[in-house]
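Asks: Sequence first, then the predicted structure, then my questions.
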Amino acid sequence: MSFLTAAALAVGFLVLAPVIAHLLRRGRTPEREFPPALLVARLETHSKERARLEDRTLLSFRALMVLVLALLGATPLVRCSRLSVDRPHGASVAIALVLDDSHSMRARTRSGTARWDAAIEGARQLLRSVREGDAIALVLAGKPARIALGATTDLNAARAVLDDVRQTDRSSDLENAIGLARAAIANLEQPDRKVIVLGDLAGSNLNEPDLSAPLESLREPVNDCALVTARRQGDRLNVSLACSAAALGARQLRLANDAPLEGVLAEPNAMNRLSLEPQHGSQTLAFGLRDGAPDFDLQLSPPDDNPDNDQAAVFRATTELNVAVVTDAEGASVITGGPTIIEQALGAVRPDVGVRPLVLLPDETRALEPFAALILNDPAGLGPESRAALSEWLEKGGVALGLLGPASSGLQLSSTLEPFVERSARWEPASAPLGVNSGSVSWLGPEGSSLLDVTRAGRMRLDGAELPGTSVVASWQDGVPFLLRRRLGSGLVISAGLPAAVEHSDFALRPAFLALLDHVISEAEQRRGPGLSAVGDRWSFPGDKRVSIEGPSGAVALVREGCDAETEPGSDCTTGALVATPELAGRYTVLNDGVEQARTARLDEHEITDPPGSWLPTRAAQAAADETGSIDTSPELALALLILFAGELALRVGSEARRKRRAARALG
């Protein structure tokens, strides 16, 4: 306590003044008539009465008034360990609070408090220190950064939004969040504008004068190892781990129900790899699973500073996006051997996708259900059973790409090319180089311009072979259709006028081919969904479908693109795709027009491996938010003083009235 604070509080000793004043009061000796005294001569005498306190209630009020006056005088000098906004110019300020709601904020500080809870409490303290006329904006730093509250002078609205903000498992997007915060208050009339970051600053170092990061406890290193993913793929279990630089002590992989892990693992020596020494960074472990192993929860023990990422569910429903490739190995092979050119292209475009080569197209829909997309290269016609299975699979949301070539024109009597094109499609040999109109394939991006002089051998004539509902999305330079697009139920059919065989064209060697494959996978993801995606990545669904999603914390809200509100029955907003954003890591069950899908939202390893950042405060930044702010209780104390003064006045009036009544009775 400083000398000024002690001196201000010493005013409270003046409470002795009313006590001394009451003690100095002298009461008169009460006079009583003694009848025999009338027989003797009158003699005046005086008697002293011992000093005593009178009107103790009135004394209490006066003493309290002196104490309140002392506190009122000391208030500007008293400081506490809490966040407050300083006002170097005494005017109103504009504050943008950047709250980090990423997964790393789930870690515990040395006091045992979660970083997120400490950040929320800091934000509440800052809001308690603002005044009328100040502007508040609230930005969330989880990826992608977003504005939770635009700049407003309605402090009650700011407090309500802060109460509704929830922790997520997103990765950090601090740089963009700071940019949004600056933009939110850039054009306000308040002369002082402050950006205050409440987070661990993982991977960032702040040293700019308009930025403040006052909570140092959020930037303490934590002992954290996480189960990032635990994926079951066939008879294999792939486990991804990540540890912070401050991770200490060995970890043990085990089942959450304490059952022996050997009961689900097929490897006899797997136990040697279940005890792990923490190492900074990421690592992947692979185990063999026993036949018929049930679903289970994998756990990392003992718990550390972030127990929320020490458990992961392992279930039989695949979360991998699988693509089936039906092709003749000789017709789509490369000189170097190995996988076909389509498989290699898929691996280059989307290495996270599972590619399954098939010799023949299955005759049953059940065999196609594991796949989200299907690529047929130069099919020699489809029989009735294959057509029926393919059509049923497409109507449930599958995506098929047909690369039609010479073999597709020599159809047998019972075979057709449906659902791609009609039987009238035919192979046309070329006598000169042929190219695709680059303007018609601009939707593929700049790669579309790579289809000039793509073939010398020939092309598939698709004009006149379009099935009902087909649209031309790319054409040759002479106007003949090159790519056809057709919706079938919830699915999509794309037909191309060239095969992937290099002896017929350079199509499979051009960047546009890779762009087309990426487009097919993107369409499959929209309908079937990415089996594994990062928390915060948007999931998109066709706008005319009935979709519901259940996640780790219950139902997930769906929003229509171009609409501000969540979709509800009877909503006027009925256009645009349906979009959902998973906020938490874990398993999600998607019901898309009655078809159930399993998806997994995964953590970002950088949320565990990136160390906390640093803040190099400048004088201006220190003035933005201080952890030792002043307590302004003067309005409350002034009101209490006014109440005490009114009470003291009422007591004095009442005491005087009682004295007059007693005197009147004595005279009477």
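Replies: Done, it's in.
Asks: List the buried residues of stretch 585-597.
Replies: Of the residues in stretch 585-597, A585, G586, R587, Y588, V590, N592, D593, Q597 count as buried by neighbour count, 16 or more other Cβ atoms under 10 Å. Every residue, glycine included, has its C-beta placed from N, CA and C.
Asks: so how far is the first residue of it from its last?
Replies: 17 Å (Cα to Cα, to the nearest Å).
Asks: Likewise for stretch 542-559?
Replies: Start and end residues of stretch 542-559 are separated by 12 Å (Cα to Cα).
Asks: mind listing what's buried in that stretch?
Replies: Under 16+ other Cβ under 10 Å, the buried positions of stretch 542-559 are P542, G543, V547, I549, G551, V556, L558, V559.
Asks: Any idea which of those residues the model trusts least?
Replies: The lowest pLDDT within the buried residues of stretch 542-559 belongs to P542, with 73.
Asks: How about that one, nearest residue that isn't a chain neighbour?
Replies: A577 (6.4 Å; Cβ to Cβ, 6 or more residues apart in numbering).
Asks: Model confidence score at the one you found, please.
Replies: Looking at A577, its pLDDT reads 78.
Asks: how does this structure divide up, domain by domain?
Replies: Taking automatic domain parsing as the reference, the chain has its domains at 3-78+635-667, 93-220+612-630, 227-314, 322-528, 534-598.
Asks: Quick check: which of those is nearest to D604?
Replies: Nearest of the domains of the chain to D604, taken as Cβ to Cβ: domain 93-220+612-630 at 3.6 Å.
Asks: wouldn't D363 be in contact with E385 here?
Replies: Yes: between D363 and E385 there is a contact under Cβ atoms under 8 Å: 3.9 Å.
Asks: which ones are touching P362?
Replies: Contact analysis of P362 by Cβ atoms under 8 Å, 6 or more residues apart in numbering lists L368, S386, A389.
Asks: now these in TSV, with secondary structure?
Replies: What follows is the contacts of P362, written out as TSV (DSSP: H, G, I helix; E, B strand; the rest coil):
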residue	secondary structure
L368	helix
S386	helix
A389	helix
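Asks: which of those residues tops the neighbour count?
Replies: Neighbour counts for the contacts of P362 (other Cβ atoms under 10 Å) peak at L368, which has 22 neighbours.
Asks: Does S104 touch W116 like I think?
Replies: No: counting by Cβ under 8 Å, S104 does not reach W116; the two are 9.5 Å apart.
Asks: Looking at these two, which has the bigger crowd around it?
Replies: Set S104 next to W116 and count neighbours by other Cβ under 10 Å: S104 wins out with 31 against 24.
Asks: show me where the stretch 501-650 of the chain has helices.
Replies: In the stretch 501-650 of the chain, the helices defined using DSSP state H, counting those that start in this stretch lie at 511-528, 606-609, 619-624, 634-667.
Asks: could you dump those to JSON lines with mean neighbour count and mean pLDDT?
Replies: As requested, those are exported to JSON lines (neighbours: other Cβ atoms under 10 Å; pLDDT from 0 to 100):
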{"stretch": "helix 511-528", "mean neighbour count": "21", "mean pLDDT": "88"}
{"stretch": "helix 606-609", "mean neighbour count": "24", "mean pLDDT": "93"}
{"stretch": "helix 619-624", "mean neighbour count": "17", "mean pLDDT": "48"}
{"stretch": "helix 634-667", "mean neighbour count": "12", "mean pLDDT": "76"}
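Asks: Save those as JSON lines, and put in distance to R290 too.
Replies: Output for the helices of the stretch 501-650 of the chain, formatted as JSON lines (distance: least, Cβ to Cβ, whole Å):
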{"stretch": "helix 511-528", "distance to R290": "29"}
{"stretch": "helix 606-609", "distance to R290": "30"}
{"stretch": "helix 619-624", "distance to R290": "58"}
{"stretch": "helix 634-667", "distance to R290": "69"}
